[in-house]
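Chemist: Here is the input, now give the coordinates:
(chains A and B)
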Amino acid sequence: MSKRTKISEILRNEATGYEVTVKGWVRTFRNNQFIALNDGSTNNNIQIVVDFENTPEATLKRITTGAAIGISGTVIASQGKGQKVEVKAKTLEIIGDSDPEKYPLQPKKHSLEFLREIAHLRFRTNTFGAVFRIRHSLAFAIHQFFNDRGFVYLHTPIITASDAEGAGEMFRVTTLDLNNIPRTETGEIDVKQDFFGKTTNLTVSGQLEGELAAMAFGEVYTFGPTFRAENSNTTRHLAEFWMIEPEMAFYDLDDNMDLAEALMKYVIGYTLTHNKEDIDFLTQRLLEEEKLKPQTERSEMNLLEKLQFCLGNNFERVTYTQAIDILRESNHNKKKKFQYLIDKWGADLQSEHERYLVEKHFKKPVILSDYPKEIKAFYMRQNDDGTTVRAMDILFPGIGEMVGGSQREERLDKLETRMKEMHIPTEELSWYLDTRRFGTCPHAGFGLGFERLVLFVTGMTNIRDVIPFPRTPKNAEF
RNA sequence: UCCUUCUUAGCUCAGCUGGUUAGAGCACAUGACUGUUAAUCAUGGGGUCCCUGGUUCGAGUCCAGGAGAGGGAGCCA
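Modeler: Numbers count the residues shown, from 1 in each chain, chains lettered A, B, ... in the order given. You can find the predicted model right below:
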């Protein structure tokens, strides 16, 4: 068989009367005659019409759900109603059999939980086909966005020796024999004998390294895997996830917010034009799912409307202090409907509060800024009030924190003082402090959780369904 | 890690106050039909009722412990 044509191409141009070769995987085989074939180029299948009267019985029996087949034939206008064009098969080759008794996917609706257990096959379903094509588009659009603006894509290390970032529990990296750990005279693990001669971990953030490069290139971004050994079992946490971390010299917090908002809108807009079919499919899928819910729990907007709304409206920008006032004055708080009632300034917001602000009060993405310094990291720039820092979180409906960022403290004395207050070893991070010693400047950056972005754009609700092979506590399958 | 719900056929699920042979739809097999859209119709095979222990004449059902999964919380992206 010759070079194959992608199904997306045949369906897109709708032309007829020409010869093609298509290859893909059988979704269903109806009436001993009609194959719904999918090759992953689009969620839509192409209908193959088999001349069953002139095809060996043994071959027909091998056209089963999941089998890989190749067909050469003519693209013709379809006599049926479900599609405009179809391929009338001249030759049909079974490339890879699929035992229908053992193949777990059936032409029916499967639960997401079941598909998660067969993550190696779930790409072959409509839902996951759409999700992972969108995931690809979002990744591509992110690079496009930054490249268009002259940012340098920086690869920060995955193995790191600094454990001073305080961004959560880390995965230890070692080549020591765990059954026979070398000890020092005092009984501690002798890390000098380990591969790097010191304690090393998987990265929890590329931010500190990103800042170093920003002090040379002006604007950089990272996009890579990130690892957190937290024992989190939620629909929005993974032990291994992908994060985008831009870092920009000569930016203040407002510039930072502008960039983050522009990025989000650009990549969402990109998928709306390049993944229209997949988004339409997911929108439909969600609508059907919502039919099962009581009226009151249904969303006001469908997925497509939600994404369009997000593009057409500015994100609401409020300070932490304003947010506390809104929450405190809300009927929800007065009627004591919050599990944690808002009384005094300074407490960290619970996710019920964030959800109230985003989903009930503003009904759109919200950028919260200027948090109390006690609940934020050491590197954030201190405001003149002495109590808040130039931090910002972008909260999205249904997802919560999608972006966390800040203007960085560029003043060496202030930074060192804060590090000492928070017991961050300054000697170990001397290389980081060098940026403040040699040509320091105002700068800012943020971290965007890639899977959370994919969650929002696809309308999926569990983060394990938007990464091919999720790593979570007690689970590293595939 | 905490709270909570769940675990019955390949999948989705029913199984009442404990009762004798555990059901349905889909899938699968066989046959019929042959322009079907998750094709249809007929027939058929298919079960460690998550595991361990207990209560009872009798446990899918009740109790205890364990494992796994879902949802919520904390932590965060």
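Chemist: tell me which element the closest residue to A:Arg133 other than its chain neighbours falls in.
Modeler: Nearest non-adjacent residue to A:Arg133, counting by C-beta to C-beta, 6 or more residues apart in numbering: A:Asp278, 5.4 Å away. For the C-beta atoms, the positions are set from N, CA and C on the backbone; glycine is no exception. According to DSSP states H and E, A:Asp278 maps onto helix A:276-290.
Chemist: on that earlier part again, assess the claim that the residue nearest to A:Arg133 and A:Phe132 are in contact.
Modeler: No - counting by C-beta atoms under 8 Å, A:Asp278 stays clear of A:Phe132, with 9.4 Å between them.
Chemist: For the stretch 201-350 of chain A, which segments are assigned as strands?
Modeler: Here the stretch 201-350 of chain A has its strands, by DSSP state E, counting those that start in this stretch, at A:219-227, A:240-249, A:316-319.
Chemist: RNA strand B is nearest to which of those?
Modeler: Comparison of the strands of the stretch 201-350 of chain A against RNA strand B by C-beta to the nearest atom of the strand identifies strand A:240-249 as nearest, at 3.8 Å.
Chemist: same question for that closest one, mean pLDDT?
Modeler: With pLDDT averaged residue by residue, strand A:240-249 scores 97.
Chemist: what packs against that strand?
Modeler: Here strand A:240-249 touches helix A:207-217, strand A:219-227, helix A:253-274, strand A:443-449, helix A:450-458, going by 3 or more C-beta pairs under 8 Å, 6 or more residues apart in numbering; DSSP states H and E.
Chemist: ok, and for stretch A:45-64, which residues are buried?
Modeler: For stretch A:45-64, a neighbour-count test (16 or more other C-beta atoms under 10 Å) marks A:Asn45, A:Ile46, A:Gln47, A:Ile48, A:Val49, A:Val50, A:Thr55, A:Arg62, A:Ile63, A:Thr64 as buried.
Chemist: I should have written stretch A:349-361 there, sorry.
Modeler: Buried, per 16+ other C-beta under 10 Å, within stretch A:349-361: A:Leu349, A:His353, A:Glu354, A:Arg355, A:Tyr356, A:Leu357, A:Val358, A:Glu359, A:His361.
Chemist: For the residue of chain A at minimum distance from RNA strand B, what is the enclosing helix or strand?
Modeler: The minimum distance from chain A to RNA strand B, using C-beta to the nearest atom of the strand, falls at A:Gly80 (1.9 Å). Following DSSP H and E, one finds A:Gly80 outside all helices and strands.
Chemist: Any figure for the gap between it and A:Asp280?
Modeler: Using C-beta to C-beta, to the nearest Å, A:Gly80 is found at 21 Å from A:Asp280.
Chemist: Now for the residue lying closest to A:Asn44 once chain neighbours are set aside: which residues touch it?
Modeler: The spatial neighbour of A:Asn44 that comes closest, neighbours along the chain excluded (C-beta to C-beta, 6+ apart), is A:Leu11 at 5.6 Å. For A:Leu11, the contact set (C-beta atoms under 8 Å, 6 or more residues apart in numbering) comprises A:Thr42, A:Asn44, A:Ile46, A:Lys84, A:Val85.
Chemist: So how do I select the buried members of those residues in PyMOL?
Modeler: Restricted to buried positions by 16+ other C-beta under 10 Å, the PyMOL selection for these reads:
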select buried, chain A and resi 42+44+46+85
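Chemist: Mind jotting down where the strands sit in the stretch 1-150 of chain A?
Modeler: Assigned by DSSP E, counting those that start in this stretch, the strands in the stretch 1-150 of chain A fall at A:18-30, A:34-38, A:46-49, A:68-77, A:85-96.
Chemist: With distance to RNA strand B added, can I get these in CSV?
Modeler: Shown next, in CSV, are the strands of the stretch 1-150 of chain A (distance: least, C-beta to the nearest atom of the strand, whole Å):
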stretch, distance to RNA strand B
strand A:18-30, 3
strand A:34-38, 3
strand A:46-49, 5
strand A:68-77, 8
strand A:85-96, 6
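Chemist: any chance of these in JSON lines, plus distance to A:Thr234 and mean pLDDT?
Modeler: Formatted as JSON lines, the strands of the stretch 1-150 of chain A follow (distance: least, C-beta to C-beta, whole Å; pLDDT from 0 to 100):
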{"stretch": "strand A:18-30", "distance to A:Thr234": "33", "mean pLDDT": "95"}
{"stretch": "strand A:34-38", "distance to A:Thr234": "33", "mean pLDDT": "95"}
{"stretch": "strand A:46-49", "distance to A:Thr234": "40", "mean pLDDT": "96"}
{"stretch": "strand A:68-77", "distance to A:Thr234": "37", "mean pLDDT": "95"}
{"stretch": "strand A:85-96", "distance to A:Thr234": "38", "mean pLDDT": "94"}
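Chemist: Redo those as TSV? Include distance to A:Ser430.
Modeler: Output for those, formatted as TSV (distance: least, C-beta to C-beta, whole Å):
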stretch	distance to A:Ser430
strand A:18-30	56
strand A:34-38	56
strand A:46-49	61
strand A:68-77	57
strand A:85-96	57
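Chemist: which residues sit against the helix or strand bottoming out on mean pLDDT in chain A?
Modeler: When the helices and strands of chain A are compared on mean pLDDT, DSSP states H and E, helix A:331-334 comes out lowest with a mean of 88. With contacts defined as C-beta under 8 Å, 6+ apart, helix A:331-334 is touched by A:Leu327, A:Phe338, A:Leu341, A:Ile342, A:Tyr356, A:Lys360.
Chemist: Inside helices: which ones of those?
Modeler: Taking DSSP state H as the definition of helices, the contacts of helix A:331-334 contribute A:Leu327.
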